[in-house]
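> structure, please.
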Amino acid sequence: MASWISMDEACRLLGVQPQTVYAYVSRGKLEVMTDPVDTRRSLYRAEDVAALARRKQAGRKHETLATNTLFGAEPSIPTALSSFYRGRVYYRGQDAVRLAGSASLEEAARLLWAAEQPVDFSSPKSTRSPKPGRAAAFTALAGLAASGHSTHGRLTRVLHTEGQALVGQLATSFGAKPGSEALHLRFAQGWSLPREVAELLRTAMVLLADHELTSSAFAARIAASTGASLPACVLAGLTTLSGPLHGDASGRVQALFDEVERLGEDQVVSYYLSTAMPLAGFGHHLYPDGDPRAAALLALFEPPKVISRFIRKVAELTGLQPNIDVALAALVASYQLPTDAAFGLFATARSVGLLAHSLEQLGVKQVIRPRGRYVGQAPDVAQTARP
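Predicted structure coming up:
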């Protein structure tokens with residue numbers, strides 16, 4: 001039989017004030033009952049209080065760990081997909097930069113998904129978007145998410161097939177030509193680019209396929225943990241990716257390049273440095289010596305001269321090297337790609353990684369549910385505590 005203790009005893013054992021005990025009750029951590037001897041008072045389950053007291057022995061160490069897990073540099077979810085080692089990113093143990101030297105996005109997907117069969121991102125002609133772009137891509141995904149089937153109770157190979165169709169349709173929505181060729185060739189055809197530029201698109205997309213537990217990967221994994229459909233998982237990830245501090249950062253760089261082409265590199269660099277404004281696209285907290293993905297991509301083509309001078313000047317004056325967002329924006333400027341092409345390439349490529357994270361999360365069989373740490377006004381429990 002459960003034992004029950006008074007408010008005073010609960011406060012003493014936990015080392016807290018009564019309002020904290022009320023908060024525990026409201027969050028379901030502490031069971032409460034009316035005192036049968038005095039109905040104006042409440043009693044608290046002793047076993048629950050003891051369990052809370054044991055957890056509190058770690059004190060702020062536990063709180064600090066939880067905060068760092070969500071907002072710090074250490075991942076909180078085990079994954080076998082991507083890792084960082086000596087300033088480089090690896091896909092399932094393979095150097096991503098080296099892989100991008102020859103692999104297609106389809107081959108990178110097969111690696112990340114651990115698929116038994118080759119991956120095919122074919123897209124039928126019926127999927128052609130009348131007005132390709134971000135709006136078409138998100139609208140298509142939203143429609144599929146609204147009618148999609150839960151991932152639970154379905155074989156992995158079936159989910160792989162569905163994932164292939166999702167990536168293929170997403171690419172078409174961003175402007176890739178429908179068909180059965182490799183995705184980088186379809187993008188080149190859709191954007192009327194020569195085959196040599198298609199090779200640059202291939203390299204860029206493989207470099208962007210995954211980047212460990214990013215904000216968008218975490219969002220996709222949360223959706224997957226609830227049993228949401230694959231299109232819903234991808235949509236959750238891509239809406240997060242669309243933020244200017246994440247996958248759409250290349251848009252900020254493109255705006256910066258527009259200033260450079262209009263005013264010249266000297267004036268732009270001088271203005272930003274004199275006003276202590278950050279220069280978008282330079283530096284990366286995971287790559288203190290420079291983003292190897294950016295270096296690999298920029299080595300394959302020559303950006304417009306004024307942009308090349310700007311990149312060199314910023315690196316010389318700040319010590320910060322260009323990251324992948326600069327490389328993507330430079331690719332857009334060099335070959336006059338559609339305005340939203342950088343995000344389209346990023347979103348299409350990263351959808352491969354988002355699907356990989358979603359599929360991996362399905363094996364955990366546990367809903368991701370972080371807990372809030374309430375720091376607001378104490379609950380008004382005066383009326384609640386009355387019989």
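> which phi and psi does Trp250 have?
Not Trp; residue 250 is Ser. When read as degrees, to the nearest 10, the backbone of Ser250 gives phi -60, psi -30.
> that one reaches Ala333, doesn't it?
No - judged on Cβ atoms under 8 Å, Ser250 makes no contact with Ala333 at a distance of 10.6 Å. Bear in mind the C-beta positions are built from the backbone N, C-alpha and C, glycine included.
> the more surrounded of the two?
Ser250 (28 against 20; other Cβ atoms under 10 Å).
> and that one, what's its pLDDT?
For Ser250, the model assigns a pLDDT of 93.
> one more: Met33?
On the pLDDT scale, Met33 gets 85.
> let me know the secondary structure of it.
Reduced to three states with DSSP: H, G, I helix; E, B strand; the rest coil, the structure at Met33 is strand.
> quick one, what contacts it?
Met33 is in contact with 4, 42-43, 45, counting by Cβ atoms under 8 Å, 6 or more residues apart in numbering.
> quick check, nearest of these to Ser173?
The nearest member of these to Ser173, counting by Cβ to Cβ, is Arg45 at 54.3 Å.
> which residue packs closest to the closest one, ignoring adjacent ones?
Closest residue to Arg45 apart from its sequence neighbours, by Cβ to Cβ, 6 or more residues apart in numbering: Glu31 at 4.1 Å.
> so the one you found makes contact with Asp48?
Yes - if you go by Cβ under 8 Å, Glu31 and Asp48 touch, sitting 5.4 Å apart.
> quick one: which of those two has more around it?
Comparing Glu31 with Asp48 by other Cβ under 10 Å, the one with more neighbours is Asp48, at 20 against 16.
> tell me the pLDDT of the nearest residue to that one once chain neighbours are set aside.
Once flanking residues are discounted, Asp48 sits nearest to Leu30: 4.8 Å by Cβ to Cβ, 6+ apart. For Leu30, the pLDDT comes out at 86.
> go on, Ala276?
Reported pLDDT for Ala276: 88.
> ok, now how distant is Tyr44 from Ala108?
55 Å (Cβ to Cβ, to the nearest Å).
> same question for Thr151.
As defined by Cβ to Cβ, Thr151 lies at a distance of 22 Å from Ala108.
> likewise His152?
27 Å.
> just to revisit the earlier point, now, the contacts of Met33 that are in strands?
4, 42-43, 45 (DSSP state E).
> can you lay out these as a markdown table showing pLDDT and neighbour count?
Shown next, in a markdown table, are those (pLDDT from 0 to 100; neighbours: other Cβ atoms under 10 Å):
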| residue | pLDDT | neighbour count |
| --- | --- | --- |
| Trp4 | 87 | 20 |
| Ser42 | 87 | 20 |
| Leu43 | 89 | 21 |
| Arg45 | 87 | 17 |
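> what about the stretch 1-150 of the chain, any weak spots by pLDDT?
Residues of the stretch 1-150 of the chain meeting the criterion pLDDT under 70: 1-2, 57-76, 126-129.
> quick one, strands of it?
Taking DSSP state E, counting those that start in this stretch as the criterion, the stretch 1-150 of the chain contains strands spanning 4-5, 32-34, 42-45, 82-85, 88-91, 94-95.
> in TSV: those, plus distance to Ala137.
Below are the strands of the stretch 1-150 of the chain laid out as TSV (distance: least, Cβ to Cβ, whole Å):
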stretch	distance to Ala137
strand 4-5	57
strand 32-34	50
strand 42-45	52
strand 82-85	24
strand 88-91	24
strand 94-95	28
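> right, and those - which one's nearest Gly175?
strand 88-91 (25.8 Å).
> partner strands of that closest one, parallel or antiparallel?
Paired with strand 88-91 in the same sheet, following DSSP bridges, are strand 82-85 (antiparallel), strand 94-95 (antiparallel).
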